[in-house]
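Student: okay, here's the prediction I keep looking at, along with the sequence it came from:
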Amino acid sequence: MNFVHRAGTNAVDLGSGQATLGDSFLHALRICQWCLAENYLRLSALAHLHHW
C-alpha cells in the first residue's frame, strides 16, 4: 500500500514537472521572439544607415 502511494505521488510530481517545463519552454520562446524582433529592428536600422 505504501508503495502504491509513493508511485502515485511520483506520478503527480512528474505531471507538475511537465507543466512547469511547458511553461518554461513557452516563456523562453516568448523571450526568443522578443530578442529576434529587437535584433531585426537593429539590423534594419543599420541597413538603413548604410543605405544612406
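Tutor: Looks like it arrived, so ask away.
Student: drop to CA atoms for contacts and neighbour counts, all remaining ones
Tutor: Fine.
Student: quick one: low-confidence ranges for this protein?
Tutor: Applying pLDDT under 70 to the predicted model, the residue ranges of the chain that meet it are 1-19, 51-52.
Student: the helices in this structure, which residues?
Tutor: Counting by DSSP state H, the chain has these helices, from start to end: 2-51.
Student: what about residue 37, distance to residue 21?
Tutor: Noted for residue 37: a distance of 24 Å to residue 21, by C-alpha to C-alpha, to the nearest Å.
Student: same question for residue 47.
Tutor: Residue 47 is 38 Å from residue 21, by C-alpha to C-alpha.
Student: next one: residue 28
Tutor: From residue 28 over to residue 21 (counting by C-alpha to C-alpha), the distance is 10 Å.
Student: just residue 49 next, same as before
Tutor: Taking C-alpha to C-alpha, one finds residue 49 at 42 Å from residue 21.
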